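*Asks:* sequence and computational prediction follow.
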Amino acid sequence: MRNCPPTILEFYFQQLGILVGIVKQHIRNFMQDILGLIRDFWRTQPSLQTTTLRLIEAMARALEDEFKPFLPTLIPLMLGTFDTDTSGSRGTTRAVLQTLVTFGPNIEEYMHLVLPVIVDTVEKNEAPVFLRKEAIVTIARLSRVANLSDHASRIIHPLARVIVSSSFELRVAALDTLCAMVFSLGYEYLIFIPMINKLLVKSKISHQNYELLVAKLLKGEPLPQDLSPERKYGDGRADDVSTTDPNAWKLTVNPDHLKNAWEASQRSTREDWQEWIRRLNLELLKESPSPALRSCATLASSYAPLAKELFNAAFLSCWVELEEQCQEELMRALETALTSTNTPPDLVQILLNLAEYMEHADKPLPFDIRTLSLYAGRCHAYAKALHYKETEYISDRGPDTIENLISINKELQLPDAAIGILTQAQRHDEFELLETWYEKLQRWDDALAAWNRRPEHEQNSPEVLMGKMRCYHALGEWDELSRLVQDRWKHEDMSVKRRIAPHAAAGAWNLGQWSLIDDYVSVMRTDSPDYSFFKAIISLHRAEFADAALHIRGARDLVDRELTALIGESYARAYRYASSGVIS
């Protein structure tokens, strides 16, 4: 604004005032910059003063009590206008009078500066009648927003002189203001009644409302509220609907455009879902009823991080405007996106953050709590998973729920909480402790013993086999792990081999059994981090460094999917995951 042509400065100040009215208290961090602009242009561009005052009013309404520290900067500039404004309409001076009322109770400490200037205007015979009347009315309005008892004499005596010596129009305005002072001062006004009555009798002036209020005050009766100045003047602070009514700037939402964006029936691949969330994100911004959000749509289309940052707010603003049927259709699309097998972890994290945001805004989305808990755990959003699983525990205290709670608390590095859940299940829910519960608590010796206590006919089952292998792996019992794998490898089908292959390869690697590693890696899924990791190990062993670098990059890309989602939840847990190795 300091470098733009003077012809568009007024437009910029107008738009800045509109923006303040929209963002309200969030403008506080930019107040010093805005005040710097006002100071710079106040004297150099007098034609902008009226527009600048509208901006000041918007800031006063937006910040309310927080605006008080800025008054010492603004009041001297504004009061100087009473001497410098010599235009026929006195537009700037009248705008200053209105702005002073907008400050509300904040101006009370500065009345000793403001009132003398206003009173001088009231008594200035050479001033236009409309300006003197506006100054008188301003005093009445100030009496509604600030305590004027310390300045009563400074106000009432000049008004008395106006009643005696001025025109009928000013006389009526002065008496109306005295009525406002009666309501403001209450019994403190009694000492002024004889003086005013003497003037009214001498000048043969009658004012029905004033006489009624004085009579009630002298008798100690309640003042009639139908004569309250609030009916005539209000609080003087609601003149600009655009900055006080939250619905004044609300825009229309087109649900058809949103439907086209959230349609998810044809999405299947990872790339499809990434394009789906990108399009939905931008369409929510474009259709948001909030002008502040909608104005960000163009920039967000070019700068993806901004779109991602505003997704939750844009969704909420559109959600509350949609009809129930549209909300149900949108929910089906969100559930499809959340539960799809090819949905990338970062998209799952976005949807989980959305569910949390809507819950905080008291607009919870009707997701199944078990679904949220399941997918929060899968993408390592353990804090969210714990919240949902604890909610689920209230209605379902089954073994699976207890095991999940133990596992989540372990991932959150809350071992005491995990042990407490185990104790609760043992003492109050009367559950037999399961092997996997010991595993979640990392009590590997107890877990191995529990797996070995399984009946003989279950010892060769895939569940027991995997349980023992996890225990051997955690305990570093590589010989036992390798022996168990070799005993069962030829007897298992391909699905079981794929499950045990990562642990089998880890055991063979630690024992230097390189020929066996090839067999185990050959059955792994080629799109798994374990496959790329062990292929890199084999390539390094064979001094095939080019192939090793290729597999290392592949492993990093695959692990990155997990880390991206996990870092969004907790950097510390993401670091622990990365440093602990690929195999769990």
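*Replies:* Yep, it's here.

*Asks:* all contacts plus neighbour counts: C-alpha atoms, from now on.
*Replies:* Will do.

*Asks:* contacting residues around Lys204?
*Replies:* Residues near Lys204 by CA atoms under 8 Å, 6 or more residues apart in numbering: none.

*Asks:* so which bits of stretch 540-548 are buried?
*Replies:* Residues of stretch 540-548 classed as buried under the neighbour-count rule (16 or more other CA atoms under 10 Å) are Ala548.

*Asks:* quick one: end-to-end distance for that stretch.
*Replies:* Distance between the two ends of stretch 540-548: 6 Å, counting by CA to CA, to the nearest Å.

*Asks:* average pLDDT across it?
*Replies:* In this model, stretch 540-548 has a mean pLDDT of 90.

*Asks:* go on, stretch 501-517?
*Replies:* Stretch 501-517 shows an average pLDDT of 89 in the prediction.

*Asks:* please begin residue numbering at 23 from this point
*Replies:* Got it, the first residue is 23 from now on, which makes the last one we talked about stretch 523-539.

*Asks:* packing partners for whichever strand or helix holds Ala195?
*Replies:* Secondary structure here is read from DSSP states H and E; on that basis Ala195 sits in helix 190-207. Under the contact criterion of 3 or more CA pairs under 8 Å, 6 or more residues apart in numbering; DSSP states H and E, helix 190-207 touches helix 151-167, helix 174-187, helix 230-241, helix 251-255.

*Asks:* just put those in a markdown table and tack on distance to Leu96.
*Replies:* Rendered in a markdown table, the data for the helices and strands packed on helix 190-207 read as follows (distance: least, CA to CA, whole Å):
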| stretch | distance to Leu96 |
| --- | --- |
| helix 151-167 | 18 |
| helix 174-187 | 23 |
| helix 230-241 | 36 |
| helix 251-255 | 24 |
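
*Asks:* deepest of the ones you listed, which one?
*Replies:* When those are scored by mean count of other CA atoms under 10 Å, the highest mean neighbour count falls to helix 151-167 (a mean of 23).

*Asks:* centre of the chain to that helix, how far?
*Replies:* The gap between where helix 151-167 is centred and where its chain is centred comes out at 41 Å by CA atoms, centre = their mean, to the nearest Å.

*Asks:* compute the inter-axis angle for it and helix 174-187.
*Replies:* Relative orientation of helix 151-167 versus helix 174-187 (axes from the mean of the first three to the mean of the last three CA atoms, to 10 degrees): 150 degrees.

*Asks:* need the helices for the stretch 273-422 of the chain, in chain order.
*Replies:* Under the criterion DSSP state H, counting those that start in this stretch, helices of the stretch 273-422 of the chain are mapped to 277-284, 292-309, 313-316, 319-324, 326-341, 346-361, 367-382, 391-400, 404-417, 421-433.

*Asks:* and Gly126, which of the ones you listed is closest to it?
*Replies:* The closest of the helices of the stretch 273-422 of the chain to Gly126 is helix 313-316. By CA to CA, the value is 26.8 Å.

*Asks:* now do that closest one: everything it contacts.
*Replies:* 41, 44-45, 271-273, 307-310, 332, 336.

*Asks:* at 10 Å instead, please
*Replies:* Judged by CA atoms under 10 Å, 6 or more residues apart in numbering, the contacts made with helix 313-316 from elsewhere in the structure are 41, 44-45, 271-273, 304-310, 322, 329, 332-333, 335-336, 339.

*Asks:* quick check: closest non-adjacent residue to Trp301.
*Replies:* Rather than Trp, residue 301 is Arg. In this structure, Arg301 finds its nearest non-sequential neighbour in Ala283, 6.0 Å apart by CA to CA, 6 or more residues apart in numbering.
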